[in-house]
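S.K.: Return atomic coordinates for the entry below.
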Amino acid sequence: MANNSKDLQLRELKDTISELNNLIRTLQATLDDMRKSKEASEQELKNAREEIAYLRKKLFGASSEKHAIDIPGQYNLFNEAESEQNGEAFEEIFLQTFEEPKKRKPRATNAERFKGLPVKKVYLDLEGEKACPECGTPLIYIGEEYVRRELHFTPAKMTVIEYYSKNYKCPECEINELPSIYKGKDGKAHGLYGMISAETIAWLMYQKFCNSLPFYRQEKDWKQYGVSITRATMANWVIKNSEAYLKPMYDFFRKKLLERKHLMADESPLQVLHEPERRAQTKSYMWLYRTGEDGEAPIVIYQYSETRAGENAVEFLENFQGYLMCDGYSGYNKVREATRTVCWAHIRRYLTEAIPKGKQLDYTQPSVQGMMYVNHLFQLEDKIKKTHNSFEAIKEARLEKEKPVIEAFLSWLDNQNPVRGSRMEKAVTYIRNRRDFLANYLQDGRCSFSNNLSENSIRPFTVGRNYVSNLVMCS
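M.R.: Numbering: from 1, shown residues only. Prediction:
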């Protein structure tokens, strides 16, 4: 009986121990889950702070993406081996690192600012009689002296020009037969749509597309000149005359553009009002295509589309075979026959945005390390362009100087394992998705290193897109 009682107690103790072990495992699992949840929350908070710092930098910080390659007091990442090799190399590197800053460009003089403008001289003469106030002797002119210079603006004004032809007839022919009438002509085409001159329609377009001045503001401006023309009339003038006179030029330059072998492209959203069956808030896009840095005359063409679909680029660049420089938008991948080149300025931009606040000089930050590779490429590219005149020499110099840096950059890229959701992960993902195109620009000295030319060409639309109204040019 006692044994049975002990056995029962022993079994109860074993069951209790088992339950406690299960409870410990459950609590441990709960603790592990809480720890993981805490780490995830902390990482999420870190990513949020990183995003806030990035947005603050975008709003209030410097817009320049340039970053010093050298950090004071430390060796350069790319010349550490050379500095260990011999003292002369170290001395040269030291001098390059701490060279004097570039001098500022001298301020332009008034003569340089007003160069090319017509100059009208105004002489300040004596009032009244030109006689000596002391003795009354007539004064003798001895020359002129410069007093001051003024920049004068002549306000615009509207003028109505009415053309009349002077008609003539032959009095001799009138006796025997019907008279022949001869009318005066100026030899100019009178085919413009609307009661408007070529100069005026050009001014409307310039104000609209270069100065981003919408038609409703131009309508108010014209009233100041005494002319009441509605914005709808202005839009019709521009549309009709553009289709009749500018569209043939557009088609001609597009043909010439596609004959070139080095092109650049970019696109930017804009808002177009009063489009049929489309809400005003719907995004439209302005595409830009231009020639690259091939040494020939530049051609820049814009194309409007309702969407950002890659088929727009495919349709415009039909049969193009050459190098295409563009940003990271995947829609350009549909242009199959083109050899894609990558904009290194975009790569630098992503790495710049991934640098934590206050860590710009911290070598241990992967984003800083990546920036140093890219900035070194920019430095080499600038030096090569300045010291080599031919495109073949540029190609050879790139292969010698820049190719090893790109290979080292790719090796660095393979070793990156950024935190999920961080800006560094976005940068690494962006670069890895374009890995196959990073070194394509080395194949030809005419290839561009960045897409900055395209961004500069499309900037007028990004600046003035809030003012775009019910007009689409050459779509």
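S.K.: per-residue confidence averaged over stretch 145-156?
M.R.: For stretch 145-156, mean pLDDT is 86.
S.K.: got it, and stretch 350-369?
M.R.: Here the average pLDDT along stretch 350-369 is 87.
S.K.: same question, stretch 306-314
M.R.: Average pLDDT, stretch 306-314: 90.
S.K.: How about stretch 55-70?
M.R.: Stretch 55-70 shows a mean pLDDT of 62.
S.K.: where along the stretch 101-250 of the chain do the strands fall?
M.R.: 167-169, 181-183 (DSSP state E, counting those that start in this stretch).
S.K.: Pick out the shakiest of those, pLDDT-wise.
M.R.: Note on these: strand 181-183 shows the lowest mean pLDDT, a mean of 83.
S.K.: quick one on the thing from earlier: can you redo the strands of the stretch 101-250 of the chain as JSON lines, where the extra columns are distance to Tyr373 and mean neighbour count?
M.R.: Using the backbone N, CA and C atoms, a C-beta is placed for each residue, glycine as well. Shown next, in JSON lines, are the strands of the stretch 101-250 of the chain (distance: least, Cβ to Cβ, whole Å; neighbours: other Cβ atoms under 10 Å):
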{"stretch": "strand 167-169", "distance to Tyr373": "79", "mean neighbour count": "11"}
{"stretch": "strand 181-183", "distance to Tyr373": "74", "mean neighbour count": "10"}
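S.K.: Just put the ones you listed in TSV and tack on distance to Val405.
M.R.: Shown next, in TSV, are the strands of the stretch 101-250 of the chain (distance: least, Cβ to Cβ, whole Å):
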stretch	distance to Val405
strand 167-169	78
strand 181-183	74
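S.K.: How many residues are close by Glu402?
M.R.: Residues contacting Glu402 under the criterion other Cβ atoms under 10 Å number 19.
S.K.: wait, what's in contact with it?
M.R.: Counting by Cβ atoms under 8 Å, 6 or more residues apart in numbering, Glu402 makes contact with 377, 380-381, 384, 442.
S.K.: Out of the strands of the stretch 101-250 of the chain, which gets nearest to Asp33?
M.R.: Across those, Asp33 has its closest neighbour in strand 181-183 (96.1 Å, Cβ to Cβ).
S.K.: which other residues reach that closest one?
M.R.: Applying Cβ under 8 Å, 6+ apart, the contact partners of strand 181-183 are 165-169.
S.K.: Same question for stretch 440-448.
M.R.: Stretch 440-448 is contacted by residues 261-262, 264, 292-295, 323, 325, 339-342, 390-395, 398-399, 402-403, 406, 449 when judged by Cβ under 8 Å, 6+ apart.
S.K.: before we move on, back to that, just the buried ones from the contacts of Glu402, in PyMOL syntax?
M.R.: Buried members of the contacts of Glu402, defined by 16 or more other Cβ atoms under 10 Å, are picked up in PyMOL with:
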select buried, resi 377+380+381+384
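S.K.: Kindly reformat the contacts of Glu402 as CSV containing pLDDT and secondary structure.
M.R.: CSV is the format used below for these (pLDDT from 0 to 100; DSSP: H, G, I helix; E, B strand; the rest coil):
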residue, pLDDT, secondary structure
Leu377, 94, helix
Leu380, 94, helix
Glu381, 94, helix
Ile384, 94, helix
Leu442, 95, helix
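S.K.: Go through the contacts of Glu402 and name the one nearest Arg231.
M.R.: Nearest to Arg231, judged by Cβ to Cβ, of those is Glu381 at 46.9 Å.
S.K.: Does the closest residue to the closest one other than its chain neighbours belong to a helix, a strand or coil?
M.R.: Using Cβ to Cβ, 6 or more residues apart in numbering and skipping residues adjacent in sequence, the residue nearest Glu381 is Phe449, 4.8 Å away. Here Phe449 is coil, with the state taken from DSSP: H, G, I helix; E, B strand; the rest coil.
S.K.: if we can go back for a sec, so which of the strands of the stretch 101-250 of the chain comes closest to Gln360?
M.R.: Using Cβ to Cβ, these put strand 181-183 closest to Gln360, at 76.2 Å.
S.K.: Measure how far that closest one is from the centre of its chain, please.
M.R.: From the chain centre to the centre of strand 181-183 is a distance of 57 Å (Cα atoms, centre = their mean, to the nearest Å).
S.K.: That one pairs with which strands?
M.R.: Looking at strand 181-183 with DSSP bridges, its partner strands are strand 167-169 (antiparallel).
S.K.: The strand it pairs with: how far from the chain's middle?
M.R.: Worked out by Cα atoms, centre = their mean, strand 167-169 lies 60 Å from the chain centre.
S.K.: that older thread, so which of the strands of the stretch 101-250 of the chain comes closest to Glu150?
M.R.: Ranking the strands of the stretch 101-250 of the chain by proximity to Glu150 (Cβ to Cβ) places strand 181-183 first, at 47.3 Å.
S.K.: ok, back up a step: among the contacts of stretch 440-448, which ones are buried?
M.R.: Taking 16+ other Cβ under 10 Å as the criterion, what is buried in the contacts of stretch 440-448 is 262, 264, 292-294, 323, 325, 339-342, 394-395, 398, 402, 406, 449.
S.K.: quick revisit: unless I'm mixing things up, the residue nearest to Glu381 is touching Trp344, no?
M.R.: Yes: judged on Cβ atoms under 8 Å, Phe449 makes contact with Trp344 at a distance of 5.7 Å.
S.K.: about what we covered before: tabulate the contacts of strand 181-183 (CSV), appending distance to Ala309.
M.R.: As requested, the contacts of strand 181-183 are exported to CSV (distance: Cβ to Cβ, whole Å):
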residue, distance to Ala309
Ser165, 53
Lys166, 58
Asn167, 59
Tyr168, 62
Lys169, 64
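S.K.: can you give me the helices for the stretch 51-200 of the chain?
M.R.: Using DSSP state H, counting those that start in this stretch, the helices found in the stretch 51-200 of the chain span residues 80-85, 87-97, 110-113, 171-176, 198-205.
S.K.: again with the stretch 351-475 of the chain
M.R.: For the stretch 351-475 of the chain, the helices defined by DSSP H, counting those that start in this stretch cover 366-387, 391-397, 403-414, 423-432, 452-464.
S.K.: before we move on, the earlier item: shared neighbours of Phe449 and Trp344, anything?
M.R.: With Cβ under 8 Å, 6+ apart, Phe449 and Trp344 have common neighbours 377-378.
S.K.: quick one: which of the strands of the stretch 101-250 of the chain is nearest Tyr250?
M.R.: Tyr250 lies closest to strand 181-183 among those, at 35.0 Å (Cβ to Cβ).
S.K.: Poorly predicted segments of the chain, please.
M.R.: Low-confidence segments of the chain, defined by pLDDT under 70: 1-3, 57-103, 174-177, 187-191, 460-475.
S.K.: Phe320 is in what secondary structure piece?
M.R.: Using DSSP states H and E, Phe320 sits within no helix or strand.
S.K.: Tell me how far it lies from Met249.
M.R.: Separation of Phe320 from Met249 (Cβ to Cβ, to the nearest Å) stands at 20 Å.
S.K.: Those two: which has the busier surroundings?
M.R.: Neighbour comparison, Phe320 and Met249: the larger count goes to Phe320, with 20 against 11 (by other Cβ under 10 Å).
S.K.: quick one, phi psi at that one?
M.R.: Phi and psi for Phe320, reported as degrees, to the nearest 10, are phi -70, psi 130.
S.K.: and what of the one 5 residues further on?
M.R.: Torsion angles at Met325 (phi, psi; degrees, to the nearest 10) stand at phi -90, psi 130.
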